[in-house]
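A.B. asks: got a predicted model here, sequence first, then my questions.
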Amino acid sequence: MTQFIQHELINRAEKSIKIRETVSQGYQNWLDIIVVEQENARWLKRLIQEDGWPRISQIGTDAAKAAWKIAYHSGDHLLMRHCLNLMEPLIQDGEADQKDYAFLMDRFLINQGKKQLYGTQKKKQDGKVVPWPIQDENEVDQRRKAIGLPLLT
């Protein structure tokens, strides 16, 4: 069963990446992306409902990263929040990646119209790529350093 889950997570994440690449290459059918992401989100919901968040020690780093990618690209705020709640207690034991958690948390916050914590989410503004607004911006580099992300300043 574990091999099936590993294979399915990785294949689903790769399918998401490939369909996103077609958009970046000029193919402009966003509906295709939405269909893939919603299908992936439904599958991940069933998986975590039955088994909880996929632990690195059980499915490996690549499959755990794939689960994160599915949650990250899902656009489903309830799923993101649920995944964050499942991931958080696993970080201390190395069963979930703290950087993945930070990226998902920031994406979740930005999508909720709130300021991000880690400065991982960027946007184009006046021809430059800049971070979306950051909560307690003076402390962002401390938060980033604590989880192994490079400093913003």
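C.D. replies: Yep, that arrived.
A.B. asks: mind listing the helices for the protein?
C.D. replies: Assigned by DSSP state H, the helices in the chain fall at 2-24, 30-51, 56-59, 61-73, 77-91, 98-111, 140-147.
A.B. asks: how about CSV for those helices, with mean neighbour count, mean pLDDT and distance to residue 122 added?
C.D. replies: C-beta here means a position set from N, CA and C on the backbone, and glycine is covered the same way. CSV is the format used below for the helices of the chain (neighbours: other Cβ atoms under 10 Å; pLDDT from 0 to 100; distance: least, Cβ to Cβ, whole Å):
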stretch, mean neighbour count, mean pLDDT, distance to residue 122
helix 2-24, 15, 89, 15
helix 30-51, 15, 92, 19
helix 56-59, 16, 96, 27
helix 61-73, 21, 97, 14
helix 77-91, 17, 98, 18
helix 98-111, 19, 98, 10
helix 140-147, 15, 97, 13
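A.B. asks: and the gap between residue 45 and residue 136?
C.D. replies: Residue 45 sits 32 Å away from residue 136, going by Cβ to Cβ, to the nearest Å.
A.B. asks: and residue 126, which of the helices of the chain is closest to it?
C.D. replies: When these are compared by Cβ to Cβ, helix 98-111 sits nearest residue 126, at 18.8 Å.
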